[in-house]
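fold the following for me, if possible:
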Amino acid sequence: LCKWNECTAHISCTSDLSEHVHQSHVEPMVTQDVYVCLWQGCKVFNKPSCSHSWLSKHMNSHTGDKPWKCVIGGCSLSFASCEGLSRHVSQHFNEPKVPKRPRGENKHSPHKAGRKKKMKVVQRRHRPPVAGQ
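Numbering: from 1, shown residues only. Next up, the predicted model:
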């Protein structure tokens, strides 16, 4: 369903919707100085942009079009933007993060005990001097 302001087109296929939006709404703006997304409910609805290519890419977020495919073998994910794909691909090469322990678990770990001891030393250093000493 096209949600472009005042558009009545009922299109359910993602690729057909993408083609409709680009041909009927985005491309006609190419000669204008300002480009706006008129997709109902969009967070940037009717906010001016000076970039036609930005609007064209932005519309993928509304149409569901994800032309950017992951190139890593065995991964079938696709993305609406090149930036989204780049973030994803870099995750394939990052070391897996060690999950954090839930708060309160293992309260008596050596790490926590060491922190308490260090805090006592710091507090002693910053204690005000006792009168008469």
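
quick one, what contacts the residue nearest the centre of the chain?
By CA atoms, centre = their mean, the chain has its centre lying nearest to G84, at 7.7 Å. Residues counted as contacts of G84 (CB atoms under 8 Å, 6 or more residues apart in numbering) are W68. In this view, the C-beta of every residue, glycine as well, is placed from N, C-alpha and C.

quick one: Q23 from S53, how far?
16 Å (CB to CB, to the nearest Å).

meant to ask about S81, not that
From S81 to S53 the distance is 12 Å (CB to CB).

what about the helices in the protein?
Along the chain, the stretches classed as helices by DSSP state H are 14-21, 52-58, 60-63, 82-93, 110-125.

in terms of residue numbering, what are the domains of this structure?
1-64, 66-95 (the TED database).

what's the weakest-modelled helix or strand in this structure?
Within the chain, no helix or strand scores below helix 110-125, which has a mean of 60 by mean pLDDT, DSSP states H and E.

kindly check the end-to-end length of stretch 45-55 for me.
With CA to CA, to the nearest Å as the measure, stretch 45-55 spans 11 Å from end to end.

and for stretch 25-45?
End-to-end for stretch 25-45, by CA to CA: 14 Å.

same deal with stretch 8-23?
15 Å.

give me the residues contacting that stretch.
Counting by CB under 8 Å, 6+ apart, L1, C2, W4, S24, S56, M59, N60, H62, T63, G64, D65 sit against stretch 8-23.

mind listing what's buried along it?
I11, L17, S18, H20, V21, H22 (16 or more other CB atoms under 10 Å).

hmm, back to that, if you count surrounding residues, which of S81 and S53 has more?
Of the pair S81 and S53, S81 is the one with more neighbours under other CB atoms under 10 Å, namely 15 against 10.
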